[in-house]
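Participant: compute the structure for the input listed below.
(2 chains)
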Amino acid sequence: MARKPDAGPSSDPEILILSSLAEGPKHGYAMKLDIAVFADVDLGPGTLYSAITRLVENGWVEPAGTPGRQRPYRLTALGQEHLRHQLERMRAVARLGFRRLRAI
Amino acid sequence: MNVKARVVVRILLRIYPSAWRAEYGHEIEGLLLAERLSFSVVRDAIFNAARERVRDGEPRVIFGLTLFVWALCWTGWNSVAPLSPSCYLLLNRFDQGMLLLACFATGYWTRRRPTGSIRRSVLAAVNVGFASIAPDMILLVLHSIGSIPLVIVSMSGQAQGHGIALLYTRGIDDMLVREINFELVLFPVAIGIVASIVGLLGAWSCRTGIKGSGVW
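Facilitator: The predicted structure is shown next:
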């Protein structure tokens, strides 16, 4: 499934895939199951592989093997850096949002 | 997994660009076969396949799809709120200009690609031409087998009957069913010839450059 407009930045397929791969190399189906558990987001096969394509093109993820049914992917050093940067930005926004909510 | 699901998955995979399929086809096929093929899964696959096609930049798909949607929009608009004869004539000219431009650009762009050839460029331009008339052709076929009514609007703006109005049927007085059947054959042939010539020009301009422009 494509990300719902009201689902927020934490359901961005690319961030979810990078977060899933931060645990270790996984193939598409394992990523999908992992994301469903930790983010409660059901990524459709089309969305999942579209996002993987973009991540590979950006050099944030790399395939660990030749094309095949269960090819695993792993996070690159560049991908780790990108994920860390994105999560820090999300944390800063979340922190600010909570502070403002408390002030209401 | 039943045979029907396998056939659906094969069809879905065919929508993706071939280079993408070679890289990720086996993986997404496995994932699709493991899923229950619900409407949302099929829609997701089709949407992302179209997205990959656009990203892949196949000119015939980009221009063909644009003209197809354009034709569909105007046919819909014309059916809901019929245009005035002057507006129709203006739109018709614009339509023709867009088609020529799209065929030329498709020929040029296809030729520029690493796998580009004159033959591919001409075929791509013909595909774009056919895509631009596909909505009209589908409606004419449905009309000729009696599935849908068509509104034929005369030059005076008088609508005859109720139903879907085709852009190019506007302005033609008393269009008969046999004339519509004639259009079904003549129109695609004419579009095919024009698109192939313009596509060839596009491909040729890419190979030789347009003299005097300085940027080609």
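
Participant: how about B:Arg60: what's its closest non-neighbour residue?
Facilitator: B:Ala124 (3.8 Å; CB to CB, 6 or more residues apart in numbering or on different chains). Bear in mind the C-beta positions are built from the backbone N, C-alpha and C, glycine included.

Participant: right, I mislabeled it, should have said A:Thr76
Facilitator: Nearest one to A:Thr76, counting by CB to CB, 6+ apart, is A:Glu62 at 5.4 Å.

Participant: next: B:Gly199.
Facilitator: Spatial nearest neighbour of B:Gly199, excluding adjacent residues (CB to CB, 6+ apart): B:Ala125 at 2.3 Å.

Participant: got a pLDDT number for that neighbour?
Facilitator: Looking at B:Ala125, its pLDDT is 94.

Participant: B:Gly202 too?
Facilitator: For B:Gly202, the model assigns a pLDDT of 93.

Participant: might you report the residue contacts of it?
Facilitator: B:Gly202 sits next to B:103-111, B:121, B:125 when contact means CB atoms under 8 Å, 6 or more residues apart in numbering or on different chains.

Participant: which non-adjacent residue is nearest the residue most central in space within chain A?
Facilitator: In chain A, the centroid-proximal residue (CA atoms, centre = their mean) is A:Leu16; its distance is 2.1 Å. Nearest in space to A:Leu16, with sequence neighbours left out and distances taken as CB to CB, 6+ apart, is A:Ile35 at 4.8 Å.

Participant: run through who's touching the one helix or strand the one you found maps to.
Facilitator: A:Ile35 belongs to helix A:28-38 when elements are defined using DSSP states H and E. Helix A:28-38 is contacted by residues A:16-17, A:19-21, A:23, A:26, A:41-43, A:45, A:48-49, A:52, A:70, A:72-73, B:27-28, B:30-31, B:34 when judged by CB under 8 Å, 6+ apart.

Participant: the residue nearest to B:Gly199: neighbouring residues, count only.
Facilitator: A total of 35 residues lie near B:Ala125 under the criterion other CB atoms under 10 Å in any protein chain shown.

Participant: flag every buried residue along the helix or strand hosting it.
Facilitator: Using DSSP H and E, the element containing B:Ala125 is helix B:118-144. Buried residues in helix B:118-144, counting neighbours by 16 or more other CB atoms under 10 Å in any protein chain shown, are found at B:118, B:120-137, B:139-140, B:143-144.

Participant: residue contacts, B:Trp204?
Facilitator: Per CB under 8 Å, 6+ apart, neighbours of B:Trp204: B:107, B:118.

Participant: how close does the residue nearest the centre of chain B get to A:Gly24?
Facilitator: For chain B, the residue nearest the mean C-alpha position is B:Ala131 (1.9 Å; CA atoms, centre = their mean). B:Ala131 is 46 Å from A:Gly24, where distance means CB to CB, to the nearest Å.
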